Structure formats: C-alpha cells, structure tokens
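Q: Structure, please.
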Amino acid sequence: MRRRDLSDEELTTVINLKRAGTSWVKIQAETGINRRTAKRAYEKWARSQSLQELKEARKDVAAQVFREHMESLIRLAASLVTNLSVPVFLADMEKNAKQFFSWLYQQDLLYRGDYLSPEPIQVGTGDTQCFYVGDMQSSVLKHQLLLKSLKVHTREEVRWEVLHEWEKARDKCAKIVPKLRKETSEVLNNLLKQERETNFLQRVKEGSREDDPAKQMVEAVLRDIWRDIRQDKLEEEGPWFQTISRGKGSHFEIFVKSRDETVLNFSGMTDKNLAEKVTRICNLAANNLRRGEIVKSLKDEVRTIKKVADELREMLNPVKLPPMILRTRCDLCPA
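A: The predicted structure follows:
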C-alpha cells in the first residue's frame with residue numbers, strides 16, 4: 001500500500017498536537033490520520049529541523065572563526081609594519097633580513113598576552129617527564145601562514161614586491177654596521193693617540209672614573225650619528241658634543257654631553273681642560289665619520305627601509321584592511 005504524504009495543513013496540525021503532548025492514538029482519533037503515518041511525517045520533519053539548526057550553528061561558528069581570522073590578519077599587519085621601521089638601536093641593524101624575520105616570527109605578533117614559555121612546568125609528583133606549555137615552532141608556523149594569508153588577501157592592492165627591496169637594504173645594513181663600528185673605533189683611537197698631553201687617556205680614565213672611557217666615547221659617537229641617520233638630519237652642522245659645567249667648589253662638575261646623553265662625567269676645576277679635549281675629540285671623530293662613505297652608504301639603505309616601511313604602513317592601514325579581506329579568500333578562510 002502506498003504511503004500517504006500529509007499536506008502542509010495536516011502536518012502543521014500533527015506538529016502542534018504532538019508538541020502539546022498528545023499521544024499518537026489520540027492524534028489519529030482527532031485528525032483521522034493513521035497514527036503511523038502521522039508519526040513518520042512528524043519524525044521526518046523533526047530530522048529536517050535538526051539539520052537546519054546544525055546548518056545555522058555552523059554558519060555562526062564560521063562567522064566567528066572568520067572574525068577571528070580577520071582580526072589576526074589586522075594585528076599581524078600592524079606588528080609587521082611597526083617592526084619594519086628603522087630600529088632605535090644601531091645594534092638591531094646588525095640582523096640581516098633572514099635573522100630579522102626569524103626573530104620576528106617568534107614574537108607575540110597578535111599581542112594576545114597568551115604567549116608561549118619554553119620552560120617546563122611541574123604537573124604532578126613522581127613524574128619523570130617534563131610537561132611543556134606551548135610550542136614555539138607551531139607559533140612560528142602560525143605567523144608564517146598568517147603572513148602568507150595576508151599577502152593573498154591584499155595582493156591586488158599591496159605591492160608586496162617592495163618587501164624584497166626592504167630585505168636587500170636590510171642585508172646591506174647588516175654588513176655596513178660592523179664596518180662603521182670598526183671605523184669609529186679606529187678614528188677615535190687615532191685621535192686619542194694624537195693628543196700631545198702625556199698619558200692623556202689614562203688621565204681621562206682616572207678623571208672620569210670609568211674603566212674604558214674610549215669605548216664609551218666610541219658608543220656615544222655611534223649613537224649620535226645613528227640618531228641623525230634615523231631622523232634624516234645627517235647634513236646638519238655640529239657641534240654634536242659639548243662641555244657643560246655646574247656647581248662650584250667641592251661640588252663642581254663637568255660633563256661631556258651629546259645631545260641626548262652624558263658621555264663622561266668629571267669633577268673639579270683641574271679636569272675642565274681634560275673634558276674640553278674629550279669633547280673636541282668626539283666632535284672631530286663625528287665630523288670625519290659623517291663625511292665618510294660608510295656613513296653615506298648606511299644613510300642610503302636606511303632611506304630605502306623607511307620608504308618601504310612607510311608604503312606598507314599606508315597600504316596595510318587597519319582602516320583599509322577589512323574591505324580587502326572581506327572581498328577576497330585564502331586557504332585559511334572558513335568554508
């Protein structure tokens with residue numbers, strides 16, 4: 001015997017009666033529909049409702065995963081453009097592009113405050129094996145995949161090839177900086193040796209109470225030059241170092257200062273001439289180095305780095321990114 005399909009009106013009646021707690025026998029009596037037919041139609045309807053609810057739930061999950069994906073890309077972009085900028089400290093420029101990205105991928109680029117610790121934690125007594133929280137390699141891979149995803153989403157509007165220009169400039173800087181350090185040390189030490197005063201460096205050491213005043217002078221000259229390279233003010237005229245006195249009597253102090261810091265500190269009138277000579281040597285060294293080819297080469301590469309960083313900062317602005325991400329798709333986007 002062929003099974004009968006219920007009309008929409010009949011199915012609605014059966015659904016309402018069953019939801020009200022009516023038995024199948026009573027439903028048959030009230031509607032004239034065989035209880036088995038009514039039960040079969042109701043169960044089919046219930047299964048379709050479950051599938052629909054599952055679809056809706058999956059849509060909600062997919063929407064949430066996509067929001068998190070987009071947020072991760074926006075945060076990664078912000079971390080990337082911030083760190084592509086010229087660093088404050090000259091020592092950081094000694095990392096080449098490969099070393100830089102190796103370091104970068106290990107940082108908390110999504111700044112979520114849940115970063116990994118390589119230290120083991122004790123999870124019980126008597127255990128012989130350590131339990132580790134997190135996995136740095138997985139975190140690095142996550143950041144690499146997210147950067148790849150960011151490039152896919154933005155490839156139509158962002159000139160990612162400029163990143164290769166940045167990498168080339170960074171590699172050159174990593175080779176130039178050690179040369180600059182060496183040249184700065186040589187220039188300054190030569191100037192110290194040319195000083196006619198007997199035991200000059202020893203007197204500076206005793207007067208400043210510093211173990212290695214020559215090294216401090218070298219670092220101060222490097223920092224001052226690097227400051228002007230970063231700010232594109234290398235052409236400005238000196239002096240870049242000066243001697244400043246304050247106090248009197250037993251409290252009289254003399255400082256050799258750059259524009260940002262104290263290089264050496266002397267005390268007593270007898271050391272004023274010594275401090276002025278140190279200041280003169282620092283200015284001579286800075287002047288000679290600023291005119292040299294090494295500093296000029298470093299300045300040119302830094303300009304390239306700044307140009308690329310500024311362009312990517314403009315294109316990867318958090319206001320511009322959401323529309324790009326919403327109208328494109330990558331392998332990490334939820335289905």
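Q: Counting residues, name the longest helix you see in the protein.
A: When every helix of the chain is counted residue by residue (DSSP state H), the longest turns out to be helix 35-84.
Q: Can you name the element that comes right after that helix?
A: Following helix 35-84 in sequence order, the next helix or strand is helix 97-104 (DSSP states H and E).
Q: returning to what we had before: other SSEs contacting the longest helix of the chain?
A: Using 3 or more C-beta pairs under 8 Å, 6 or more residues apart in numbering; DSSP states H and E as the contact definition, the elements that helix 35-84 packs against are helix 8-19, helix 24-31, helix 97-104, helix 136-154, helix 293-315, helix 321-326. Just so you know, the C-beta spots here come from the backbone N, C-alpha and C atoms, and that holds for glycine as well.
Q: now the angle between helix 136-154 and the fifth one, please.
A: Calculated by axes from the mean of the first three to the mean of the last three C-alpha atoms, to 10 degrees, helix 293-315 forms an angle of 70 degrees with helix 136-154.
Q: Now helix 293-315: buried residues?
A: Judged by neighbour count (16 or more other C-beta atoms under 10 Å), helix 293-315 contains these buried residues: 294-295, 297-299, 301-302, 304-306, 308-309, 311-313, 315.
Q: again, but for the second one
A: Within helix 24-31, the residues that qualify as buried are 24, 27, 28, 31, counting by 16+ other C-beta under 10 Å.
Q: so where is the stretch 201-335 of the chain shaky, pLDDT-wise?
A: Regions of the stretch 201-335 of the chain meeting the criterion pLDDT under 70 cover residues 249-250, 268-270, 335.
Q: Please enumerate the helices of it.
A: Under the criterion DSSP state H, counting those that start in this stretch, the stretch 201-335 of the chain contains helices at 213-230, 272-290, 293-315, 321-326.
Q: Tell me which of those helices lies nearest to residue 140.
A: Taking C-beta to C-beta as the criterion, helix 293-315 is the member of the helices of the stretch 201-335 of the chain that comes nearest to residue 140, at 21.0 Å.
Q: ok, back up a step: relative to residue 164, which of the helices of the stretch 201-335 of the chain is closest?
A: That would be helix 293-315 among the helices of the stretch 201-335 of the chain, by C-beta to C-beta, at 9.2 Å.
Q: So what's the gap between the closest one and the chain middle?
A: Once both centres are worked out by C-alpha atoms, centre = their mean, to the nearest Å, helix 293-315 turns out to sit 18 Å from its chain's centre.
Q: what's the distance between residue 204 and residue 280?
A: Distance, residue 204 to residue 280, by C-beta to C-beta, to the nearest Å: 12 Å.
Q: neighbour-wise, which of the two wins?
A: residue 204 (26 against 16; other C-beta atoms under 10 Å).
Q: ok so, going back, return the member of the buried residues of helix 293-315 nearest to residue 265.
A: Proximity to residue 265 was ranked across the buried residues of helix 293-315 by C-beta to C-beta; first place goes to residue 295, at 27.7 Å.
Q: ok, and the closest non-adjacent residue to that closest one?
A: Nearest residue to residue 295, sequence neighbours excluded (C-beta to C-beta, 6 or more residues apart in numbering): residue 289, at 5.6 Å.
Q: Surely that neighbour is in contact with residue 184?
A: Yes: counting by C-beta atoms under 8 Å, residue 289 sits close enough to residue 184 to count as a contact (6.0 Å).
Q: Spell out which residues are contacts of both of these two.
A: In the contact map built from C-beta atoms under 8 Å, 6 or more residues apart in numbering, the residues linked to both residue 289 and residue 184 are 221, 225.
Q: Could you pull up the residues touching the residue nearest the centre of the chain?
A: Closest to where the C-alpha atoms of the chain average out (C-alpha atoms, centre = their mean) is residue 79, at 3.5 Å. With contact set as C-beta under 8 Å, 6+ apart, residue 79 has these partners: 104, 107, 109, 110, 111.
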